[in-house]
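> the following block contains a protein sequence and its predicted model.
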Amino acid sequence: MNLIVDIGNSRLKAALFEDGLITQRWVSDDCRAERLEALLAEVPGAERAIVASTAQADAAYAACLRRRIPFVVEFDNRTPVPLRNGYGSPATLGADRMAAAVGGAALWPARNLLIVDFGSAITQDVVTADGVYRGGSISPGLSMRFRALHDYTGRLPLIGAEDWDDYRPDEIPATTREAMVAGVVGGIVAEVAERMRRYASRYADPVTIFTGGDAVFFEKRFKNTIFANHDLVLTGLNTILDYNAEQKNML
């Protein structure tokens, strides 16, 4: 059994994999190492684990895992992965971006991929069919854009999910809230659609994959042109864990 731990900016996500499939999962708003310690009490028998953090690296997570699990990988930019890294500054590449790229390549091998992760930030990354991670774009996420409009103006309200869920692209906004939703949501849709168009003109038959916490909101706006996989980062981390275990066994 493989235990996968993904420490995000605001949530701790974990999953137990057996034979490549998720059998259990956990999500917590408590990202402290103590929460991970409590979680480990629920999963006796895990033989291997991997931990990745998009926030500040914290050795306490890996130390917590090593007290209970024989083989632990602390994922960072030095960890071997089953992709070639073509990024110009690999030391600054977020763990979640590479993990999603590995997950996409594992599920769609030998295909050109555009992976769109709708998280705190929106990342759009390219993996080519020859197994190379090429890089991609980073822009503010949905909540971050609404928060910026509220925080950096004097009178614009803070928009929540109850406001943007009813967005209709064919209607002219008639209120300030509708105008903000149209600008932010419509802007993201146009941004992603343009990137999809641009990469489709450069790479043959690309597969576009949506993932991340806000992906469910955008999936319906692209209909049959994308695949959705909300476990892409976890799947990628599991693949990386298996890859490193195999590398160790070959030594």
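Arrived safely. A quick note: this is a predicted structure, and the numbers were derived from the prediction, not measured.
> where do the helices sit along the stretch 1-150 of the chain?
33-40, 59-66, 95-107, 142-151 (DSSP state H, counting those that start in this stretch).
> er, the stretch 151-251 of the chain I mean
Ranges of helices within the stretch 151-251 of the chain are 161-164, 176-202, 215-219, 232-250, based on DSSP H, counting those that start in this stretch.
> quick check: buried residues in the third one?
Neighbour-count burial for helix 215-219, counted by 16 or more other C-beta atoms under 10 Å, picks out A215, F217, F218. (Each C-beta comes from the backbone N, C-alpha and C, glycine too.)
> closest to A60 out of the residues you listed?
The closest of the buried residues of helix 215-219 to A60 turns out to be A215 (C-beta to C-beta; 30.0 Å).
> contacting residues for that closest one?
By C-beta atoms under 8 Å, 6 or more residues apart in numbering, the residues touching A215 are V116, D117, F118, A228, H230.
> so for M98, what's the pLDDT?
Looking at M98, its pLDDT stands at 96.
> now do the residue lying closest to I69 once chain neighbours are set aside against I240, distance only.
In space, and not counting its chain neighbours, I69 is closest to A49: 4.6 Å by C-beta to C-beta, 6 or more residues apart in numbering. Using C-beta to C-beta, to the nearest Å, we find A49 at a distance of 12 Å from I240.
> give me the common contacts of the two.
Jointly contacting A49 and I240 under the rule C-beta under 8 Å, 6+ apart are V73.
> nearest to E18 among the contacts of A215?
The closest of those to E18 turns out to be H230 (C-beta to C-beta; 18.9 Å).
> surely the closest one and V216 touch.
Yes - the pair H230 and V216 passes the contact test of C-beta atoms under 8 Å, sitting 7.5 Å apart.
> neighbours around R32, how many?
Residue neighbour count, defined by other C-beta atoms under 10 Å, stands at 14 for R32.
> gap between it and E47?
From R32 across to E47, the span is 25 Å (C-beta to C-beta).
> OK, contacts around the nearest residue to A179 once chain neighbours are set aside?
Closest residue in space to A179, ignoring its immediate chain neighbours: P173 at 4.0 Å, by C-beta to C-beta, 6+ apart. In this structure, P173 makes contact with A179, V181, A182, judged by C-beta under 8 Å, 6+ apart.
> just the buried residues from these, in PyMOL please.
Buried residues among the contacts of P173 (16+ other C-beta under 10 Å), as a PyMOL selection:
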select buried, resi 181+182
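> nearest to Y167 among the contacts of P173?
In terms of C-beta to C-beta, no member of the contacts of P173 lies closer to Y167 than V181, at 5.1 Å.
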